[in-house]
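Trainee: Sequence plus predicted model, see below.
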Amino acid sequence: MTQRTTDPGITQNSPALPKSAVIIGFAILCLTWMLNAMDRQVFYPLLPQIREELGFSLEQAGILATGFTLGLAIAGFIAGFIIDRFTRKTVIIMSILVFSVGTGLIATSSGFYDMAAYRLISGVGEGIQATALYAIVGAYFFHKRAFASGFVGVAFGLGIFLGPLVGVPIATSIGTWRAPFLVFAALGLLMSLAVYFLLRKTMSEALAGTNAAGIKHEYASVPKRILNRNTVVFGATSALSGLIFYGYLGLYPTFLTENLGFATGEASVAVAMGGLGAMLALLFGWFGDRFPQKWVLMAAFIGSGLTALPMYLVADSAASQYVLSFLLGAFASGGLFTNCATALQRSVQPDQVGRGQGIFVLTYYVAAAFSGLIFARLVTVFSWETAGVVQLVGLSVVGALIVAFADTRQMIRKAG
């Protein structure tokens, strides 16, 4: 890979990109993230079928549902250091190829261990992509990073929405749960080619702050150490966010089908509604650029808890679950994911944006990796209702309390 210090695309004197090139490049990045979400999301509504055919226990299903994010976390954190030195565009392309190969291999699984390995491979690719993509967005759209990240969140939400609605019919029409994984793997190969030809290095390798259009920022109060008060606080809230969102996402279709008696199609729609809610990341990103992010995150934690409470204790109709899933997707993905990621970027110096994003990916996805197992264990020991209240509601309360300790004076902000 080309070292960043010698790449002409990152110099401050590079000519500005035409607006059309920026739009196309950003759109391609968003589409790759949408495919990433579709790859992840198609697994969940198909999990009951996979579990029935391959004889997995609920705890094994929980591990497979969310354990892949362990590879995502480790690879994403390492990528935080790699992309501060090497070409982000190359990293993005390679990451898409890796998670696409992993997705395709899932279709060949015959048991728990090989499927877990293939899920881990896909997670590695997705983790590297997540770090590189958000680093590009945070650097190029430096002065409006939360708002720009909101567009990425919209793409992720659209992927969550489309994954079940596209993947489940493919599986039904062909007669096997394996088919959608092969289709999405092929789409990944095509998407890597699109990035190669359509994403300009002037955009992908931009230095943080060089495209700020005359807007000045204050960095003096930001600690020079990666490990500081705010990175610890936002790292902790990121971990809690991963436990909350993936605790819901991983076994939610199983909860609906096995506990509430929903049909597979109804469960797929309910999960898809969470994707629609996640598309409100654009709104939450707008809030994050205009208000102190600690308060935006506190509101998102409170909203997540208030939504999860009736989801697991009261609502038993399809319509009510659709509404609650939409709201949980909005708060837990649109609100928490978007603002945890960008808050960590604002908590480090501009030249450390990749490492700041790496901290987010590490903390968020390590926690997410164990969320399915923890949720399944709580269900086994207690009940679905107790698991939902403890993991989703309880951790939302803890997150709202922890984020209050953030110091917004030590974050990058507009000067004046």
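Mentor: Ah, there it is.
Trainee: in the host helix or strand of Arg40, what counts as buried?
Mentor: Using DSSP states H and E, Arg40 maps to helix 19-41. For helix 19-41, the neighbour count (16 or more other Cβ atoms under 10 Å) marks 22, 24-26, 28-41 as buried. (Glycine included, C-beta is placed from N, CA and C.)
Trainee: With stretch 285-298 instead?
Mentor: 285-289, 292-298.
Trainee: With just CA atoms, put that stretch into PDB.
Mentor: C-alpha atoms of stretch 285-298 as PDB (Å, rounded to 0.1, in the frame of the first residue of the first chain):
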ATOM      1  CA  GLY A 285     -26.100  13.900  13.400                       C
ATOM      2  CA  TRP A 286     -27.500  17.300  12.900                       C
ATOM      3  CA  PHE A 287     -28.200  17.600  16.600                       C
ATOM      4  CA  GLY A 288     -24.600  16.400  17.300                       C
ATOM      5  CA  ASP A 289     -23.100  19.200  15.300                       C
ATOM      6  CA  ARG A 290     -25.300  21.900  16.900                       C
ATOM      7  CA  PHE A 291     -25.600  20.900  20.500                       C
ATOM      8  CA  PRO A 292     -23.100  19.400  23.100                       C
ATOM      9  CA  GLN A 293     -22.900  15.700  22.200                       C
ATOM     10  CA  LYS A 294     -23.100  14.500  25.800                       C
ATOM     11  CA  TRP A 295     -26.700  15.800  26.000                       C
ATOM     12  CA  VAL A 296     -27.600  14.300  22.600                       C
ATOM     13  CA  LEU A 297     -26.200  10.900  23.800                       C
ATOM     14  CA  MET A 298     -28.000  11.200  27.100                       C
END
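Trainee: And the residue nearest the centre of the chain?
Mentor: Central residue of the chain (Cα atoms, centre = their mean): Phe337, 6.6 Å from the mean position.
Trainee: Contact partners for that one?
Mentor: Applying Cβ atoms under 8 Å, 6 or more residues apart in numbering, we find Phe337 in contact with 153, 156, 241, 245, 278, 281, 364.
Trainee: out of those residues, which are inside helices?
Mentor: Within those, residues falling in helices by DSSP state H are 153, 156, 241, 245, 278, 281, 364.
Trainee: in terms of contact, does the second one touch Trp33 like I think?
Mentor: Yes - in this structure Phe156 lies within contact range of Trp33 using Cβ atoms under 8 Å: 5.6 Å.
Trainee: coming back round to it: from the buried residues of stretch 285-298, which ones fall inside helices?
Mentor: Using DSSP H, the subset of these located in helices is 285-289, 293-298.
Trainee: what ranges do the strands span in this protein?
Mentor: Secondary structure of the chain (DSSP state E): strands at 217-218, 413-414.
Trainee: These: lowest mean pLDDT?
Mentor: Confidence, taken as mean pLDDT, is least for strand 217-218 of the strands of the chain (a mean of 55).
Trainee: Without its sequence neighbours, what residue ends up closest to Ala330?
Mentor: The shortest distance from Ala330 to any non-neighbouring residue, by Cβ to Cβ, 6 or more residues apart in numbering, is to Gly277 (3.7 Å).
Trainee: So the one you found versus Ala400, what's the distance?
Mentor: According to Cβ to Cβ, to the nearest Å, Gly277 and Ala400 sit 19 Å apart.
Trainee: Looking at those two, which one has more neighbours?
Mentor: Counted by other Cβ atoms under 10 Å, Gly277 and Ala400 do not tie: Gly277 has more neighbours, with 26 against 20.
Trainee: how about that one, what does it touch?
Mentor: Listed by Cβ under 8 Å, 6+ apart, the contact partners of Gly277 are 157, 325-331, 333-334.
Trainee: how about these in a markdown table, adding neighbour count and pLDDT?
Mentor: As requested, these are arranged in a markdown table below (neighbours: other Cβ atoms under 10 Å; pLDDT from 0 to 100):
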| residue | neighbour count | pLDDT |
| --- | --- | --- |
| Gly157 | 27 | 80 |
| Ser325 | 27 | 96 |
| Phe326 | 21 | 96 |
| Leu327 | 22 | 97 |
| Leu328 | 28 | 97 |
| Gly329 | 31 | 94 |
| Ala330 | 25 | 95 |
| Phe331 | 28 | 97 |
| Ser333 | 30 | 90 |
| Gly334 | 29 | 89 |
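Trainee: Out of those residues, list just those in helices.
Mentor: Residues of the contacts of Gly277 located in helices (DSSP H): 157, 325-328.
Trainee: Sort out which one of these lies nearest Ile50 for me.
Mentor: In terms of Cβ to Cβ, no member of the ones in helices among the contacts of Gly277 lies closer to Ile50 than Ser325, at 21.3 Å.
Trainee: ok, that closest one touching Ala267?
Mentor: No - between Ser325 and Ala267 there is no contact under Cβ under 8 Å: 10.0 Å.
Trainee: what sits in contact with each of those two?
Mentor: What both Ser325 and Ala267 touch, as defined by Cβ under 8 Å, 6+ apart, is the set Tyr252.
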